[in-house]
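Undergrad: got a predicted structure plus its sequence, pasted below:
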Amino acid sequence: MKSTHQIQNFILDNLSGHQRDIIKAAISKFGISRQAVLKHMNTLIREKRVVAYGKTKDRYYELEPLLNYTKLVDITQGFKAGHFLRTEIVPSLGSLPRNIGEICEYALAALLHNVMDHSQATHLSVKLFATRDETHVMVADNGVGIFHHIRDGLGLEGKTISAIELAKGPGPHGAGHHAGVDLQAVMMLFDCITIDSAEISLRYKKKADRWSLQESKQARGTKIHLEISTKSSTTCNEIFANLFAEEKSVVRIPVNLARTNGELLSSRDQAHKLVHNIESSKEVEFDFTGIDVIGPAFAHELVWIAREKNKSIGIDWINATETVELLMSRAIKRLLKA
C-alpha cells in the first residue's frame with residue numbers, strides 16, 4: 001500500500017505536466033480510487049501547496065507559488081540598489097531552498113547594479129516567481145538597451161554582433177568589461193537565460209550548452225529572464241570557483257548566432273559578424289552546435305579573419321558535422337599554404 005507521502009509527492013512532482021489530468025495519472029500510478037486521490041488533492045489544497053481552478057470537468061490544478069513578487073521602481077529619485085535588495089528582495093527569498101535563494105540574490109544584485117551603471121534608465125521592474133518545480137527572475141528597464149550599449153562601447157557595426165560579443169563570455173575578448181563580468185556569472189548560474197533588447201532575443205540553455213538568436217518585440221530597454229529548477233543543486237560557490245579560477249585565454253564563439261532565421265551560413269558577411277575582439281586571446285574555438293553545413297566561403301573567411309586579427313592565435317572548432325569538419329580543415333590547409 002502506498003503511503004500518503006508517496007501519493008502527495010507524486011502529485012506535486014508531476015502536476016506541472018498534468019494540470020488537467022493529474023487525478024487520472026495518480027489513479028493509474030497507484031491503482032487507487034478517484035475518491036482516494038481527490039482526498040489527497042484536497043489536503044494539498046488546504047495546505048496551500050496546490051491551487052484548483054474551475055469546476056467538475058473543467059477543473060485543473062497548479063502548484064501554489066512559493067514566491068510571487070512584482071515591483072516597479074523609479075530609479076531617478078535617490079534609488080539605492082543595496083537598500084532595495086536588503087529591504088525588498090532578501091526577505092522575500094526565505095521560502096526558497098538556500099542555494100536557490102543565494103543564486104537569486106546574487107543575480108538580482110548584479111542585474112540591478114548593471115541597470116544603474118549602464119542603462120540610463122528611469123524605471124525598472126522586478127518579478128520573482130517560484131513553484132516547487134521552477135524559479136524565475138525577471139528584470140526589465142526602459143534604458144538604452146544592452147546590445148546598443150555594447151555596440152557603442154566596442155565600436156561595433158550592429159546589434160547582432162553585440163549579442164555575439166555578449167555570448168562569448170567574460171574576459172578581455174568579450175563584452176565582460178562593458179556589460180559587467182557579473183552578468184556573465186549570472187548566465188552560468190541559471191538553467192536558461194533570455195535577453196531581449198533592440199528587437200532581438202539572445203537565449204542560452206545550459207543543459208544543451210547552446211545559444212540561439214531570434215527576433216523580439218522588445219524595442220527599447222532590456223528585459224532579462226532567468227530560469228532555474230527550484231530543485232537544482234547548483235551553488236554560487238561551485239560556479240564562481242570554475243568561472244573565476246583563472247583568466248581564460250580561449251574564446252569560444254557560438255557559430256549559430258551568425259544567423260537569425262535558420263539560413264545557410266555561406267557568406268563572408270556572416271563570418272564577419274563572429275570574429276571581433278580576439279586580439280588578446282591565445283586561441284579561438286568555433287562551436288558549430290546546431291549547424292549541419294556551411295559554405296566554403298564562410299569557412300575560409302572565419303579562419304582568415306581570425307588570423308588577420310591575431311597573427312599568433314590558435315584556431316580550433318568543436319561539435320562539427322563531417323561536412324563542417326571537411327570545410328574547416330580545408331580552410332586551415334589553405335591558410336597554412338598562403
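TA: Arrived safely. Numbering: from 1, shown residues only.
Undergrad: how near is D141 to I318?
TA: 35 Å (Cβ to Cβ, to the nearest Å). Glycine gets a C-beta too; all of them are placed from N, C-alpha and C.
Undergrad: and those two? which has more neighbours close in?
TA: Comparing D141 with I318 by other Cβ atoms under 10 Å, the one with more neighbours is D141, at 28 against 11.
Undergrad: ok, that one touching N114?
TA: No: counting by Cβ atoms under 8 Å, D141 does not reach N114; the two are 9.2 Å apart.
Undergrad: the stretch 201-338 of the chain: helices as residue ranges?
TA: Using DSSP state H, counting those that start in this stretch, the helices assigned to the stretch 201-338 of the chain run over residues 236-243, 268-274, 296-309, 322-337.
Undergrad: now find how far off-centre the last one is within its chain.
TA: The chain centroid and the centroid of helix 322-337 are separated by 32 Å under Cα atoms, centre = their mean, to the nearest Å.
Undergrad: with mean neighbour count as extra columns, can I get the helices of the stretch 201-338 of the chain in a markdown table?
TA: Below are these laid out as a markdown table (neighbours: other Cβ atoms under 10 Å):
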| stretch | mean neighbour count |
| --- | --- |
| helix 236-243 | 13 |
| helix 268-274 | 18 |
| helix 296-309 | 20 |
| helix 322-337 | 14 |
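Undergrad: so how far is the strand or helix carrying Y69 from its chain's centroid?
TA: Taking DSSP states H and E as the criterion, Y69 maps to strand 67-74. Mean-position distance between strand 67-74 and its chain equals 21 Å (Cα atoms, centre = their mean).
Undergrad: please identify the buried residues of that strand?
TA: For strand 67-74, a neighbour-count test (16 or more other Cβ atoms under 10 Å) marks L67, V73 as buried.
Undergrad: equivalent analysis for stretch 284-297, please.
TA: V284, F286, D287, F288, G290, I291, I294, G295, A297.
Undergrad: end to end, how far does that stretch reach?
TA: Stretch 284-297 has its terminal residues 19 Å apart, counting by Cα to Cα, to the nearest Å.
Undergrad: residues in contact with it?
TA: The contact list for stretch 284-297, computed with Cβ atoms under 8 Å, 6 or more residues apart in numbering, reads 208-210, 212, 250-256, 264-268, 271, 274-275, 278, 302, 306, 310, 313-321, 323-324, 327-328, 330-331.
Undergrad: looking at those, which are in strands?
TA: Among the contacts of stretch 284-297, the ones falling in strands (DSSP state E) are R210, S212, V250, V251, R252, I253, P254, G314, I315, D316, W317, I318.
Undergrad: among these, which two are most distant?
TA: Greatest spatial distance in the ones in strands among the contacts of stretch 284-297: S212 and G314, 26.8 Å, computed using Cβ to Cβ.
Undergrad: low-confidence bits of the stretch 1-150 of the chain, can you list those?
TA: 1 (pLDDT under 70).
Undergrad: show me the one of the helices of the stretch 201-338 of the chain that comes nearest L66.
TA: For the helices of the stretch 201-338 of the chain, the distance to L66 is smallest for helix 236-243, at 19.6 Å, taking Cβ to Cβ.
Undergrad: check which helices and strands that closest one is in contact with.
TA: When contacts are defined as 3 or more Cβ pairs under 8 Å, 6 or more residues apart in numbering; DSSP states H and E, helix 236-243 packs onto helix 98-114, helix 181-189.
Undergrad: show me the chain divided up by domain.
TA: 4-63, 67-241, 249-337 (automatic domain parsing).
Undergrad: quickly list what the closest residue to W317 other than its chain neighbours is bridged to.
TA: In this structure, W317 finds its nearest non-sequential neighbour in F286, 4.2 Å apart by Cβ to Cβ, 6 or more residues apart in numbering. Beta bridges link F286 to I253, W317 when assigned by DSSP bridges.
Undergrad: what stretches of the stretch 151-300 of the chain score poorly on pLDDT?
TA: For the stretch 151-300 of the chain, the ranges with pLDDT under 70 are 170-181, 245-248.
Undergrad: the same query, at a cut-off of 80, please.
TA: 169-184, 242-249, 260-262 (pLDDT under 80).
Undergrad: before we move on, the earlier item: how much space separates the residue nearest to W317 from E64?
TA: In terms of Cβ to Cβ, F286 sits 46 Å off from E64.
Undergrad: give me the number of residues near K39?
TA: 13.
Undergrad: oops, could you answer that again for T43 instead?
TA: Residues near T43, counting by other Cβ under 10 Å: 15.
Undergrad: what residues are up against it?
TA: Q8.
Undergrad: change it to 10 Å
TA: Counting by Cβ atoms under 10 Å, 6 or more residues apart in numbering, T43 touches T4, I7, Q8, I11, R49, V50.
Undergrad: cool, T260 as well?
TA: Contacts of T260 (Cβ under 10 Å, 6+ apart): T160, A163, I200, S201, S212, L213, Q214, E215.
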